[in-house]
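> My questions are about this predicted structure, shown below with the sequence.
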Amino acid sequence: MYSAVYENENGLKFVLGKDGDNVFDLNVGNGVPVNLGTSQGFSQIGEAVETQSVSGRAITVKGAIFQNVISQKKAMRKVFAPFTGGTLMLSDGLFIRVIVKDPPTFSPVKDDGRFTMQLYAPFPYFYSTAESFVQIGGILPRFKFPVNYAEPHKFGEKAAGTFSEILNAGEVKVPYGLQLTVTGTSTNPTVTNLLTFQFLKINGSFSQGDFVHVYRDENNVLRAELTGADGNVLDIISQIDEDSNLFELNVGDNLISVNDDEGGAGMVARIVYSPAVVAWYES
């Protein structure tokens, strides 16, 4: 028997499985269907596939409470309330963000702990909780414990170049977050995949102390924010260049460059991401 923890957006938690005095099952052992956009030309045999996309995933949760039935029913109604969402964290280091589609339904029998509910994941894959990042530019930390002071050691060193190889070891493309710290001046900072020539460009000039953050929120919506040296936060989604098309890291190696009109000397970039898998099985 395995366990999972659901934490809603208000910080309330409910434990599913052996650690929560209940048993449960999720229908997440299969992949998700790919939506195809096709066309057929004059006298063409077969079709041409022009677009491919994947929709969200419906997750049905079924189970039974075998201890403290009444109190656990009350807790489930509160934690899995309508118009709420949260994170479902699985026992082997994976998680998926969901919203409550159908709140828990229980057996009408007082001490019968059987239940069913349905969650919906806008992003249908399971992220690893082990978040990864790659820093491009700036000072890379090199100081580690234990320390032998009898030998030379480095506290840090300046990163060479404006590009780095980023490995997405998961099964699918994943969104990434761009964290850009401006240490001098930066005009039109641009992230480029040197293997595919896709890019993400932020139009505008930025000054020392500015922090630019481009990321996907809990609902998989693209966000772009500028935190100034004075601490004020501005929405700069309109400054994302309309021709930008680099919003995901491909499976395998990604050769990523972060540069600007000044040659990238006045900024430090972090690319933050979590590998993802298509399906989950009991371990």
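That came through, no problem.
> Now do the phi/psi pair for K18.
According to degrees, to the nearest 10, the main-chain angles of K18 amount to phi -60, psi -30.
> Just the pLDDT at it, thanks.
As summarised for this prediction, K18 has a pLDDT of 82.
> for the one 4 residues further on, same thing?
Taken from the predicted model, the pLDDT recorded for N22 is 90.
> Repeat that for T162.
If you check T162, the pLDDT there is 78.
> quick one, what contacts it?
Taking CB atoms under 8 Å, 6 or more residues apart in numbering as the definition of contact, the neighbours of T162 are I136, G137, S257, V258, N259, G263, G264. C-beta here means a position set from N, CA and C on the backbone, and glycine is covered the same way.
> again, but for S238
The neighbours of S238, taking CB under 8 Å, 6+ apart as the test, come to nothing; the list is empty.
> repeat that with 10 Å
Shown in contact with S238 (CB atoms under 10 Å, 6 or more residues apart in numbering): N203, G204, A224.
> The first one contacts I240, doesn't it?
Put plainly, it is N203. Yes. With contacts counted by CB atoms under 10 Å, N203 reaches I240, the gap being 7.7 Å.
> The stretch 51-200 of the chain: helices as residue ranges?
69-79 (DSSP state H, counting those that start in this stretch).
> want to throw the contacts of T162 into JSON lines with secondary structure, neighbour count and distance to I65?
Below are the contacts of T162 laid out as JSON lines (DSSP: H, G, I helix; E, B strand; the rest coil; neighbours: other CB atoms under 10 Å; distance: CB to CB, whole Å):
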{"residue": "I136", "secondary structure": "strand", "neighbour count": "23", "distance to I65": "50"}
{"residue": "G137", "secondary structure": "coil", "neighbour count": "24", "distance to I65": "53"}
{"residue": "S257", "secondary structure": "strand", "neighbour count": "17", "distance to I65": "53"}
{"residue": "V258", "secondary structure": "strand", "neighbour count": "25", "distance to I65": "51"}
{"residue": "N259", "secondary structure": "strand", "neighbour count": "21", "distance to I65": "56"}
{"residue": "G263", "secondary structure": "coil", "neighbour count": "8", "distance to I65": "62"}
{"residue": "G264", "secondary structure": "coil", "neighbour count": "20", "distance to I65": "56"}
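> farthest-separated two in these?
The widest separation within the contacts of T162, taken as CB to CB, falls between I136 and G263 and amounts to 13.0 Å.
> ok, the closest residue to M117 other than its chain neighbours - contacts?
Ranked by CB to CB, 6 or more residues apart in numbering and with sequence neighbours excluded, the top spatial neighbour of M117 is P104, at 4.4 Å. Residues in contact with P104, defined by CB under 10 Å, 6+ apart, are 14, 61, 63, 73, 75-77, 79-81, 115-118.
> And P104, what's its pLDDT?
In the prediction, the pLDDT value recorded for P104 is 96.
> That one and V268: what is the separation?
Note on P104: its distance to V268, by CB to CB, to the nearest Å, is 47 Å.
> cool, and V278?
Separation of V278 from V268 (CB to CB): 34 Å.
> Which one's more surrounded, these two?
Taking V278 and V268 together and counting by other CB atoms under 10 Å, V268 has the greater number of neighbours (19 against 16).
> Tell me the bridge partners for that one.
Judged by DSSP bridges, the bridge partners of V268 are T181.
> does it really touch L178, like I thought?
No. At 11.5 Å, V268 and L178 do not qualify as touching, with contact defined as CB under 10 Å.
> Quick check: neighbours shared by these two?
Once CB under 10 Å, 6+ apart is applied, the residues that V268 and L178 both contact turn out to be V258.
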